[in-house]
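> how would this look folded up:
(chains A and B)
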Amino acid sequence: MTPADQASGFRHFHEQLAELSRKLLEMSGHAEQLVDQAITSLLDRDRALAESVIAGDKVLNTLEIEIEQLSISLLALQQPMARDLRSIVGTIKVSGDLERVGDHAVNIAESALRLADEAGPITPSPELEDMARRARAMLRDALKAFTRSDGALGREVCMADDAVDALHNSVFRILLTHMMEDARTITPSLELLLVSRNLERVADLATNIGEDAVYLAEGKQIKHHFED
Amino acid sequence: MTTAAVETRKFSFWYDEKQALHDIELTIPDKQITALIGPSGCGKSTFLRSINRMNETIPGTRREGEMKIHGDDIYDRGMDVEDLRTRVGMVFQRSNPFPKSIYQNVAYGPRINRSLSRGEMDALVEKSLKRAALWDEVKDRLGSNALGLSGGQQQRLCIARALANDPELLLLDEPASALDPIATQRIEELLFELKGQLTVVIVTHNLQQAARLSDMTAFFYLGKLVEMDSTNNIFTRPREERTDAYVTGRFG
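Numbers count the residues shown, from 1 in each chain, chains lettered A, B, ... in the order given. Just a heads-up that it's a prediction; the model follows:
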């Protein structure tokens, strides 16, 4: 291989890394949007929007596979090291997490379809809206931390998870009170509990991505307090 | 706890006015494989050749600082250089067997350094060739000229020749860069087998080889030691930006 070939091979590698990053951003934008639309479809009882969330999940599945294939070929052909290696392995994990976020959005949209026919008011909507807003912000920040290799932001995302967990607990208590007061609310309340659970899981996945961002940026494994 | 095979303190080296090594401080662990990596001219080969004082065969060189092998100061006045070089064997990029028989190549060192009976010498040659994973391929033609061997076999013969002196350390300067992948793999397997018996220090430009083979990796740049750590850390999460830039190919 001449030095010129090596240089162009190197450029090619970096173009492919940039392509991988672009696909991940596209995937995260889409995942965020699905979560947002799923909650809107629930609160507005919008059947059409819920259906489009369920259909839109396919895009995430396709992107996940494309990212995985490109990552595997980069690992095999370029044998990346250090930061590049952490970035590619991290991208595979993050795309898997985003695909799961899409599944949770679909679950919420399915709950929205079942609740669309319920007559009563959807309580506790302020808490659910707050959870959805926080989970989305965590997802957005986690991706920003990962793509910009920003360890500090990654750590912030991990800290933010506690607030979402606390909201999930209060939603649970509120719904429990409703169910005890009026047995007719049991079916919709259980459905809303599922919605809350799905949002809480989205925040957990954002936390995973935040942890991967810290590993990418600093080479430190903070998962499960591994390096405490 | 592993002991140190090589320890240096403020070790510097000059070729005439040009300083090739600056205050190198490192510890090479005993009976493990340590890889020295870095761009051309970074000083890694100079450092390697300092371990058995090969550099001083070049006129106009000088050094400062201390280097110890298993606790012995090798630049001490009392150090016998010939003795040092039996303790520290060396293998080069281009295999360089003597134009003699396979047997004579391996027996060359022990014949000078020790007085062995014919039977003892036969046993030593066999043992050394076995340690170098070459015995089965050459046992029926020990009298043949070593230059008739393939490149990979010649390189393993050079390793056998070094092993015949029963060295504490084996230094290798790009030992597989002229070999095909299969021959390279055999050398790597051999070094892996030798680890645990003696200390191996290898200079390589092939980062994948350093990553596959070594326990510790030292990264040299512009005559300085930038970072030394476990090979796993160097190739997955180096501490220094310059190391990261080098191993990811972003250098320069």
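
> what's the burial count for the closest residue to chain A within the stretch 101-250 of chain B?
Among all residues of the stretch 101-250 of chain B, residue B:237 sits closest to chain A, at 2.7 Å; criterion: C-beta to the nearest C-beta. To be clear about C-beta, it is placed using only N, CA and C from the backbone, and glycine gets the same treatment. If you count neighbours by other C-beta atoms under 10 Å in any protein chain shown, residue B:237 ends up with 20.

> Would you mind listing what in the stretch 151-252 of chain B touches chain A?
Residues of the stretch 151-252 of chain B lying close to chain A by C-beta under 8 Å from any C-beta of the partner chain are B:207-208, B:211, B:234-238, B:243-244, B:247-249.

> ok so, going back, could you find the closest non-adjacent residue to the residue of the stretch 101-250 of chain B closest to chain A?
With C-beta to C-beta, 6 or more residues apart in numbering or on different chains as the measure, residue A:219 is the residue that lies nearest to residue B:237, at 2.7 Å, once sequence neighbours are left out.

> can you pull out the helices in chain A?
A:3-43, A:47-78, A:82-115, A:125-147, A:151-181, A:186-218 (DSSP state H).

> Equivalent analysis for chain B, please.
Ranges of helices in chain B, per DSSP H, are B:44-50, B:81-87, B:102-113, B:118-131, B:135-138, B:151-163, B:181-194, B:207-213, B:231-236, B:241-247.

> picking up where we left off before, tell me which two in the residues of the stretch 151-252 of chain B next to chain A are the farthest apart.
Spanning the widest gap among these are B:208 and B:237, at 17.4 Å by C-beta to C-beta.

> still on that earlier bit, out of the residues of the stretch 151-252 of chain B next to chain A, which are buried?
Neighbour counting with 16 or more other C-beta atoms under 10 Å in any protein chain shown marks B:207, B:211, B:234, B:235, B:236, B:237, B:238, B:243, B:244, B:247, B:248, B:249 as buried within those.

> wait, isn't the fifth one in contact with residue A:80?
No - assessed by C-beta atoms under 8 Å, residue B:236 is found out of contact with residue A:80, at 10.4 Å.

> Write out the residues of chain A neighbouring chain B.
Proximity of chain A to chain B is assessed by C-beta under 8 Å from any C-beta, with A:10, A:13, A:79-86, A:218-220 identified as the residues in range.

> hmm, 7 Å instead?
Along chain A, the residues adjacent to chain B under the rule C-beta under 7 Å from any C-beta of the partner chain are A:10, A:79, A:80, A:81, A:82, A:83, A:84, A:85, A:86, A:219.

> list the contacts for residue B:26?
B:8, B:218, B:225, B:228 (C-beta atoms under 7 Å, 6 or more residues apart in numbering or on different chains).

> pLDDT weak spots in chain A?
Flagging of chain A using pLDDT under 70 yields the residue ranges A:1-10, A:119-124, A:226-228.

> sorry, back to before: wait, the residue nearest to residue B:237 touches residue B:239, no?
No - taking C-beta atoms under 7 Å as the definition, residue A:219 is not a contact partner of residue B:239, at 8.0 Å.

> of these two, who's got more company?
Neighbours were counted for residue A:219 and for residue B:239 using other C-beta under 10 Å; residue A:219 has more, 18 against 12.

> rewinding a little: between the contacts of residue B:26, which has the most around it?
Neighbour counts for the contacts of residue B:26 peak at residue B:218, which has 26 neighbours (criterion: other C-beta under 10 Å).

> so that residue touches residue B:36, yeah?
Yes - taking contact to mean C-beta under 7 Å, the distance of 5.2 Å between residue B:218 and residue B:36 places them in contact.

> just to revisit the earlier point, now restrict the residues of chain A next to chain B to buried residues only.
Using 16+ other C-beta under 10 Å, the buried ones in those are A:80, A:81, A:82, A:83, A:84, A:85, A:86, A:219.

> Residue A:14: how many residues sit nearby?
14.

> mind listing what the closest residue to chain A within the stretch 1-150 of chain B touches?
At 10.8 Å from chain A, residue B:37 is the closest residue in the stretch 1-150 of chain B, using C-beta to the nearest C-beta. When contacts are counted by C-beta under 7 Å, 6+ apart, residue B:37 is found next to B:44, B:204, B:207, B:210, B:217, B:219.

> Would you mind measuring from it to residue B:206?
Here the distance between residue B:37 and residue B:206 works out to 9 Å (C-beta to C-beta, to the nearest Å).

> Quick check: the gap between residue A:181 and residue B:109.
Applying C-beta to C-beta, one obtains 94 Å for the distance of residue A:181 from residue B:109.

> More neighbours: those two, which one.
Applying other C-beta under 10 Å to residue A:181 and residue B:109 shows that residue B:109 carries more neighbours, namely 21 against 9.

> Leaving out chain neighbours, which residue sits closest to that one?
Here the nearest residue to residue B:109 in space, its sequence neighbours aside, is residue B:165; by C-beta to C-beta, 6+ apart that works out to 4.5 Å.

> dump the residue contacts of the one you found.
B:86, B:89, B:109, B:110, B:113.

> ok, the first one touching residue B:114?
No - with contact defined as C-beta under 7 Å, residue B:86 and residue B:114 do not form a contacting pair (9.2 Å).

> if you count what's nearby, which of those two comes out ahead?
The residue with the greater number of neighbours, taking residue B:86 and residue B:114 and applying other C-beta under 10 Å, is residue B:86; the counts read 20 against 14.

> so which residue of chain A comes closest to chain B?
For chain A and chain B, the shortest gap (C-beta to the nearest C-beta) falls at residue A:219, measuring 2.7 Å.

> What's the separation between residue A:56 and residue A:63?
Relative to residue A:63, residue A:56 is positioned 11 Å away (C-beta to C-beta).

> right, I mislabeled it, should have said residue B:179
Look at residue B:179 and residue A:63: by C-beta to C-beta, they are 43 Å apart.

> So for the two, which sits in the more crowded spot?
Comparing residue B:179 with residue A:63 by neighbour count (other C-beta under 10 Å), the higher total belongs to residue A:63, at 21 against 18.

> who's in contact with the closest residue in space to the more buried one that isn't next to it in sequence?
In space, and not counting its chain neighbours, residue A:63 is closest to residue A:27: 4.3 Å by C-beta to C-beta, 6+ apart. Residue A:27 sits next to A:60, A:63, A:67, A:95, A:98 when contact means C-beta under 7 Å, 6+ apart.

> Identify the farthest-apart pair in the residues you listed.
Considering C-beta to C-beta, no two members of these lie farther apart than A:60 and A:67, which are separated by 10.3 Å.

> ok, residue 141 - contacts?
Going with chain A. With C-beta under 7 Å, 6+ apart as the criterion, the residues that contact residue A:141 are A:153, A:156, A:157.

> oops, chain B please
Shown here is residue B:141, whose contacts under the criterion C-beta under 7 Å, 6+ apart are residue B:102.

> Next, residue A:182: phi, psi?
Main-chain dihedrals, residue A:182, degrees, to the nearest 10: phi -150, psi 110.

> Report how many residues lie close to it.
By other C-beta under 10 Å, the residues close to residue A:182 number 11.

> For residue B:129, see how far away it is.
From residue A:182 over to residue B:129 (counting by C-beta to C-beta), the distance is 89 Å.

> next one: residue B:80
Noted for residue B:80: a distance of 28 Å to residue B:129, by C-beta to C-beta.

> more crowded one of the two?
With other C-beta under 10 Å as the criterion, residue B:80 and residue B:129 differ in neighbour count, and residue B:129 comes out ahead with 27 against 9.
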